[in-house]
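Q: okay, predicted coordinates and the sequence, questions at the end:
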Amino acid sequence: MTHRVGILGATGAVGQRFIQLLDGHPQFEIACLTASDASAGKPYREAAKWRLDSAIPKPVRDITVRATDPAEIPDDVDLLFSSLPSGVAAEIEPDLCAAGYVVSSNSSNDRMADDVPLTIPEINPDHLDLIEVQRDERGWDGALVKNPNCSTITMVPTLAALDEFGLERAQVSTLQAVSGAGYSGVTSMEIIDNAIPHIGGEEEKMETESRKLLGDFDGAELSLHSAEVAASCNRIPTIDGHLENVFAELADDPEPADVRAAMESYPSADLPSSPDQLIHVFGDDRPERPQPRMDRMRGDGMQVVAGGVQTTPAGVKYNCLAHNTIRGAAGASLLNGELLANEGWI
């Protein structure tokens with residue numbers, strides 16, 4: 001079955017990734033594109049300053065961009081992918097859900113709301129059942145589902161694999177690409193020959209979202225994972241690919257080979273955009289990997305890559321990497337959309 005979908009904020013960096021990833025998708029057909037009032041009424045090819053290294057897909061070039069307003073969305077659209085700025089999304093997304101639309105959103109608003117699923121399909125697909133709680137509490141016919149922050153998505157699959165050893169605490173230092181801030185987010189004078197050891201709000205997102213993603217849902221209420229998470233987030237002059245140094249404290253005392261095996265065997269999801277293997281792990285013969293330029297496009301940009309696994313007095317340390325605008329943003333929302341479709345929510 002083919003579902004008609006819309007993209008909110010279609011002219012931005014993540015919106016462009018949505019269009020790229022949805023081109024030729026087996027389940028979804030783009031039927032609606034929205035953007036700011038300044039872009040509304042223009043064909044997409046004129047409204048968007050296309051910045052990806054592939055051409056604008058032909059099926060969307062002449063689609064007329066609409067204003068981001070519930071009244072502008074066609075009634076026969078089954079699913080909306082949102083890449084709106086969080087302030088705009090906080091105002092518009094609830095109205096869309098109240099109007100009956102299902103929204104798979106990359107925007108940061110409401111990620112930690114008690115009744116909003118924050119979902120990575122390979123990690124916590126059962127959290128989608130929070131939609132029932134959400135609809136009961138808010139009186140919506142539609143639904144709002146979120147994917148986590150791009151740096152959180154990079155780390156959490158590896159922590160989920162380690163949870164079999166009794167995850168107690170995690171500390172992470174990130175080396176995040178400039179594309180995570182948007183095309184105009186960091187100026188060249190700021191980042192060339194430099195590193196910026198602070199990204200506003202990023203540390204808090206990693207510290208809270210990780211525990212929600214790894215938490216338990218009992219059918220009525222979600223409890224956060226007991227592990228403590230501390231993050232230090234840094235911007236560096238790579239274009240794409242967030243690299244992270246993780247230190248995990250565990251109840252058990254696994255060998256590096258056991259850790260690598262747990263990550264490598266952690267199951268992927270049976271969805272069209274899922275990689276065959278969720279986590280690729282480099283052995284101890286390649287301690288210099290993963291690297292952003294070399295490894296961000298593994299699994300078409302949807303795979304998490306880990307390496308440098310070593311033991312510490314308290315547990316293990318390792319590096320992990322993912323493409324921040326594919327796996328960490330548009331691709332994450334797309335996976336959630338595929339899960340919503342497969343589970344019968346749309």
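A: Yep, that arrived. Numbers count the residues shown, from 1 in each chain.
Q: quick one: end-to-end distance for stretch 8-16.
A: 11 Å (CA to CA, to the nearest Å).
Q: which residues in the chain form strands?
A: 3-8, 28-35, 66-67, 79-82, 102-105, 143-146, 167-176, 216-217, 222-223, 228-235, 242-250, 279-281, 304-311, 315-322 (DSSP state E).
Q: the third one pairs with which strands?
A: The strands beside strand 66-67 in its sheet (DSSP bridges) come out as strand 28-35 (parallel).
Q: what do you get for the last one?
A: When sheet partners are counted by DSSP bridges, strand 315-322 sits next to strand 242-250 (antiparallel), strand 304-311 (antiparallel).
Q: could I get those strands as CSV with mean pLDDT, distance to Pro197 and mean neighbour count?
A: The way it works is simple: take the backbone N, C-alpha and C, and place the C-beta from them, glycine included. Below are the strands paired with strand 315-322 laid out as CSV (pLDDT from 0 to 100; distance: least, CB to CB, whole Å; neighbours: other CB atoms under 10 Å):
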stretch, mean pLDDT, distance to Pro197, mean neighbour count
strand 242-250, 98, 13, 22
strand 304-311, 98, 21, 22
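Q: could those be laid out in JSON lines, adding distance to Gly9?
A: JSON lines is the format used below for these (distance: least, CB to CB, whole Å):
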{"stretch": "strand 242-250", "distance to Gly9": "21"}
{"stretch": "strand 304-311", "distance to Gly9": "25"}
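Q: report the contact partners of the closest residue in space to Gly299 that isn't next to it in sequence.
A: Once flanking residues are discounted, Gly299 sits nearest to Pro275: 3.2 Å by CB to CB, 6 or more residues apart in numbering. Counting by CB atoms under 8 Å, 6 or more residues apart in numbering, Pro275 touches 268, 298-300, 302-303.
Q: now the closest residue to Pro70 other than its chain neighbours: how far from Thr68?
A: By the measure of CB to CB, 6+ apart, the closest residue to Pro70 outside its immediate chain neighbours is Ala99, 4.5 Å from it. Distance, Ala99 to Thr68, by CB to CB, to the nearest Å: 13 Å.
Q: more crowded one of those two?
A: Thr68 (27 against 14; other CB atoms under 10 Å).
Q: just list whatever residues bridge to the closest residue to the more buried one other than its chain neighbours.
A: Here the nearest residue to Thr68 in space, its sequence neighbours aside, is Thr34; by CB to CB, 6+ apart that works out to 4.1 Å. Here Thr34 sits in beta bridges with Leu8, Arg66, as judged by DSSP bridges.
Q: burial count for Thr34?
A: Counted with other CB under 10 Å, Thr34 comes out at 24.
Q: tell me the pLDDT at it?
A: Looking at Thr34, its pLDDT reads 97.
Q: then Met1?
A: 82.
Q: give me the spatial nearest neighbour of it, chain neighbours excluded.
A: Nearest to Met1 is Gln27, by CB to CB, 6+ apart, at 7.4 Å.
Q: so what's that neighbour up against?
A: Gln27 touches 1-3, 272, 338, 341, counting by CB under 8 Å, 6+ apart.
Q: let me know whether Ala314 touches Asp252 as I believe.
A: No - at 11.5 Å, Ala314 does not count as touching Asp252 under the criterion of CB atoms under 8 Å.
Q: sounds good, over and out.
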